[in-house]
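Engineer: sequence first, predicted coordinates after that:
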Amino acid sequence: MKKKIVLFAGMMLLAMSLPAMAHFQMIYTPEAALNKGGKIPLALVFTHPFEAGHTMDMGKPEQFFVVRSRGENTPKKTDLLPTLKPVIWTSLTNSGAAWETGYTARGGDHTFCLIPDPYWEEGDGFFIKQNTKVIINVGGEPGAWMEPVGLPTEIVPLCKPYDRWTGNVFQGQVLFNGKPVPGAEIEIEYMNHKPLLDKKAFAKEAAAKAPQDSFVLQTIFADVNGVFTFGIPKQGWWGFAALDLDPDYTHKGKKCSRDAVMWIKAVDMK
């Protein structure tokens, strides 16, 4: 028990010493809760979302698929990897390789899952691999949003990720190989610059201004059951990244931070 406390304290000290800049793998589509089905756009971008900062070049993803669940029906998995098209995405500082596709969404839940190609971060001297999820719903029809999809690293929502009013909380559980990760470190960023899908770029205008750098990238820790809670202060998309969930994981003989990312959208009550 003493060893765990010392380790947890060390993690917190390390987190406080890091600069406010975090990599976030995005799966972006404009809306999370749709009234009716139809074709929706999807953009896969690896960037720094609060500041629309440096966009990293994405390699060809290892996997990209969607799991549709509806009522009592057995969830259906569809491979979307063949549908991806390479694009160049422009941030406020540079342009980087990204991917886009379209998908026809029908009633129920649609859980989009991405296992990306590991990204070499020269500044840190290790690879980053962020397994990413976003869940959308069509028509308010119930689905299996609360069920794991079986990613090696995964955040499972404990409340509907597409019905959050501004001011609600979001709870999630961090899993590694299906088991909770006690004390997992979670970074949080707000998508502060609207993605302009037609221009394949972020809007220059920011939705919010951070009074100090620590507000750009927030850090919290999960409890002993891998559960974390976050109060949502503003409408829009929020990203949660649980970091380095497999400390022994390597790629090409180098350390690889195996993360889990999830995006949710909150809306204002009018």
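Structural biologist: That came through, no problem.
Engineer: quick one: G167 and Q235 touch, right?
Structural biologist: No - contact criterion Cβ atoms under 8 Å: G167 and Q235 do not qualify, at 9.7 Å. In this view, the C-beta of every residue, glycine as well, is placed from N, C-alpha and C.
Engineer: which one of the two has more residues nearby?
Structural biologist: Neighbour tally, G167 and Q235, criterion other Cβ atoms under 10 Å: the higher count belongs to Q235, 16 against 13.
Engineer: for that one, what are its contacts?
Structural biologist: By Cβ atoms under 8 Å, 6 or more residues apart in numbering, the contact set of Q235 is T166, A266, V267, D268.
Engineer: how near is the third one to K133?
Structural biologist: V267 is 19 Å from K133, where distance means Cβ to Cβ, to the nearest Å.
Engineer: of the two, which one has the most company?
Structural biologist: K133 (24 against 17).
Engineer: bridging residues for that one?
Structural biologist: Judged by DSSP bridges, the bridge partners of K133 are M262.
Engineer: mind listing what it touches?
Structural biologist: 27, 111-114, 149, 151, 154-155, 260-263.
Engineer: correct me, but T104 touches G37?
Structural biologist: Yes - counting by Cβ under 8 Å, T104 touches G37, with 7.1 Å between them.
Engineer: neighbour count winner among the two?
Structural biologist: Taking other Cβ under 10 Å, T104 and G37 do not tie; G37 has more neighbours (14 against 8).
Engineer: from F112, how far out is the more buried one?
Structural biologist: Applying Cβ to Cβ to G37 and F112 gives a distance of 15 Å.
Engineer: find the nearest non-adjacent residue to T101, please.
Structural biologist: With sequence-adjacent residues excluded and distances taken as Cβ to Cβ, 6 or more residues apart in numbering, T101 is closest to T83, at 4.4 Å.
Engineer: report the two of the contacts of Q235 separated the most.
Structural biologist: A266 and D268 (8.0 Å; Cβ to Cβ).
Engineer: give me the common contacts of those two.
Structural biologist: By Cβ under 8 Å, 6+ apart, the residues touching both A266 and D268 are W165, T166, Q235.
Engineer: so who does the first one touch?
Structural biologist: Yep, that's W165 we're talking about. So, once contact is read as Cβ under 8 Å, 6+ apart, W165 ends up touching I232, A266, V267, D268, M269.
Engineer: which of those residues are buried, as a ChimeraX select command?
Structural biologist: The buried residues among those can be selected in ChimeraX (16 or more other Cβ atoms under 10 Å) with this line:
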select :232,266,267
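Engineer: narrow the contacts of W165 to those in strands?
Structural biologist: A266, V267 (DSSP state E).
Engineer: let's have the contacts of W165 in JSON lines, adding pLDDT and distance to A33.
Structural biologist: Shown next, in JSON lines, are these (pLDDT from 0 to 100; distance: Cβ to Cβ, whole Å):
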{"residue": "I232", "pLDDT": "98", "distance to A33": "15"}
{"residue": "A266", "pLDDT": "98", "distance to A33": "11"}
{"residue": "V267", "pLDDT": "98", "distance to A33": "8"}
{"residue": "D268", "pLDDT": "98", "distance to A33": "13"}
{"residue": "M269", "pLDDT": "95", "distance to A33": "13"}
